[in-house]
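Participant: Dropping the sequence and predicted coords here.
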Amino acid sequence: QKRIGILTSGGDSSGMNASVRAITRVALQRGCIPFAIYEGYQGLVDGGDKIKQFGWENVRGYLAVGGTTIGTARCVPFRTREGRLKATYNLIKNGIDALVIVGGDGSLTGADILRAEWTGLVDELVATGRVTKAECAHLREDLAIVGLVGSIDNDMSATDITIGAVTSLHRICESVDSLTSTAQSHQRAFVVEVMGRHCGWLGLMAGIAVGADWVCLPERPPPLNQEKYGDDWGQEMADIVGQYRTMGSRKSIIIVCEGAIDRNLKPIKPDEVKKVLEDKLGLDTRVTTLGHVQRGGSPCAFDRYLATVQGVEAVEAVLRSTRDTPAPMIGMSQNMVISVPLMDAVKLTHSVAEAISRRDFKLAMDLRDPDFTS
Ligand code: ATP
């Protein structure tokens, strides 16, 4: 009978609750005992009432609630071996032999490190008398780890979509639609900064969905027509925005991802974009930083679905797990739930940043979306 700890970690995202609900209920159906670990890895390090056995009723009403009800945190102690030793102690005391982590690449890396150190940590606790051999007899060999990706950024390679990204996209579209009506009335330009860190997915998808004039992305820095514009992305943008105005548009919407850069890797900031629009086109321009409204609110239907089907697969992956198989990350590819080695996905994700830093933008885009179905 597996005892499965569930935690949400890193930045919150809508749909995390739906995954906690699915993991809890499928675990119960499959004869396992689920435990909620509150406040991410902090709860694992602190133990006590931050680790609570969950029943069917504990997750009632979770589907429609945004964020994560069991809490999340950035936990510095877990980055140290001492912190992970405390976490191991608390896992042993609760008899937990599997962990499902819903978080970003950092959270999944932390879990993989814990698993790699597991036997050594258990041995140390036994040797120093903090736990007895009997307490950890069935836990000694391995800690099963499964990762789900909860992130609004959709920045994890090896999966098409992450839990929370589509809800965030909806929030952005609603906000930009509101800005569009005022922009239209006053013939203004709006420069809208969106989240996503070093990933342009939110910006690109929002740009398509709201019909933006221009989008500044990290993975495909302007100017796009280098032959004509050299390094002058501002002129390229002004030409395109100006062209739409000539065609009769009364508003201009420019989306700037928070990680947007130019071809020399220099960050593109919304105020700089505003200045270009004012100086080159004389447009009355306002900057709007959407900020944390993008993170929150009730998850959209897709995120509830995504979190639920992945939660089901997470429990199956725990039950399949063996000591010799690498910890899996549950993802999506071509509308199918997939399971890939977690650290392969993390490494691919990091190699996107490396490719961008080498200005190999084509490779960066390919690495964001490798084909994992074959
Ligand atoms: P997001 O994408 O929202 O930032 P994330 O999971 O990448 O999510 P991080 O802050 O990087 O967010 O990681 C969350 C927590 O995971 C950290 O506070 C820390 O406790 C743990 N963690 C991250 N990286 C490591 C690591 N290399 N070793 C051990 N623990 C780690």
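Facilitator: Alright, I've got the coordinates. Numbering: from 1, shown residues only.

Participant: On the three-state scheme, V191 is what?
Facilitator: strand (DSSP: H, G, I helix; E, B strand; the rest coil).

Participant: What pLDDT is listed against it?
Facilitator: At V191, the model reports a pLDDT of 98.

Participant: and it, how far is that from Y229?
Facilitator: Computed as Cβ to Cβ, to the nearest Å, the V191 to Y229 distance reads 19 Å. For every residue, glycine as well, the C-beta is placed using N, CA and C.

Participant: So the two - more neighbours on which side?
Facilitator: Ranked by neighbour count (other Cβ atoms under 10 Å), V191 and Y229 place V191 first, with 26 against 17.

Participant: The more buried one and L283 touch, don't they?
Facilitator: No: between V191 and L283 there is no contact under Cβ atoms under 8 Å: 10.1 Å.

Participant: Can you pull the residues that touch both of those two?
Facilitator: Listed as contacting both V191 and L283 by Cβ atoms under 8 Å, 6 or more residues apart in numbering are L277.

Participant: Pass me the low-pLDDT residue ranges in this structure, would you?
Facilitator: Along the chain, the model assigns pLDDT under 70 to residues 369-374.

Participant: quick one, what contacts the residue nearest in space to the middle of the chain?
Facilitator: The centroid of the chain falls nearest to S151 when counting by Cα atoms, centre = their mean (1.8 Å). Contact analysis of S151 by Cβ under 8 Å, 6+ apart lists 10-11, 13, 103-104, 162-165.

Participant: and those, which of them are in strands?
Facilitator: G103 (DSSP state E).

Participant: would you turn the contacts of S151 into JSON lines with neighbour count?
Facilitator: As requested, the contacts of S151 are exported to JSON lines (neighbours: other Cβ atoms under 10 Å):
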{"residue": "G10", "neighbour count": "24"}
{"residue": "G11", "neighbour count": "21"}
{"residue": "S13", "neighbour count": "33"}
{"residue": "G103", "neighbour count": "28"}
{"residue": "G104", "neighbour count": "24"}
{"residue": "T162", "neighbour count": "27"}
{"residue": "I163", "neighbour count": "34"}
{"residue": "G164", "neighbour count": "32"}
{"residue": "A165", "neighbour count": "29"}
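
Participant: could I get the contacts of S151 as TSV with distance to the ligand?
Facilitator: Output for the contacts of S151, formatted as TSV (distance: Cβ to the nearest ligand atom, whole Å):
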residue	distance to the ligand
G10	2
G11	3
S13	7
G103	4
G104	2
T162	9
I163	11
G164	9
A165	11
